[in-house]
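> only geometry, no sequence info:
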C-alpha cells in the first residue's frame, strides 16, 4: 500500500476500518445456493430412460437407468435395461455385466438369461451362451429363447472344434 493509502487508513477509527474491510470481504464471497434434492423415484428415472432410448438418445437413457439403479440398487429392471442398451450399442462386455447384475437380483428371470446368452454369443462364448439359454428354456419357453438356441447351435457348428 502506498504512503497516501497508509495516511488515509491511519486517520479512520478502527471500528470503521474493520467494518469497511468486512463489507469488502463479504462482497467477494460467493452467494449461498440451494441444491434441490432429486424428487424422481427409481421407477420414474427408469421410465424416463426408456423414453430417451426410444427417441434415439442413448447417452441420456443410460444416465437415467443408472440413476434408477442408484436409487434402488436391488431392483433388477434398470440393470436389464442397461444391458439391452449396451447390447444395442455393440458393447457386449458391458451388456453382459449389466445382465449378470440383473440376474443377481432376479436369478430366475428367463428374459435376462436369454439376453445374456445373446451377449455371450456375440463374444464367441458359445458354451456359456448354450448353458444360459438352456437354463432359460427350463424356466419358460418363448419364441425368442428358441431363436437364441438356434443361433447358438449355428455358431457352434460354424466354429472350428
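Ah, there it is. Because the structure is a prediction, the values reported are computed rather than measured.
> Can you give the contact residues for stretch 89-102?
With contacts defined as Cβ atoms under 8 Å, 6 or more residues apart in numbering, stretch 89-102 is touched by 58, 76-77, 79-80, 82-84, 86-87, 109, 112, 115-116, 119-120, 122-123. C-beta coordinates here come from the backbone N, C-alpha and C atoms, glycine included.
> Among those residues, which lie within helices?
The helices, defined by DSSP state H, take in 58, 76-77, 79-80, 82-84, 86-87, 112, 115-116, 119-120, 122 from the contacts of stretch 89-102.
> ok, so of those, who is nearest residue 148?
Nearest to residue 148 out of the ones in helices among the contacts of stretch 89-102 is residue 115 (Cβ to Cβ; 8.6 Å).
> tell me which element the spatially most central residue of the chain is part of?
For the chain, the residue sitting closest to the mean C-alpha position, by Cα atoms, centre = their mean, is residue 66 at 2.6 Å. Element membership of residue 66, judged by DSSP states H and E, is helix 58-71.
> Residue 49 now?
helix 42-54.
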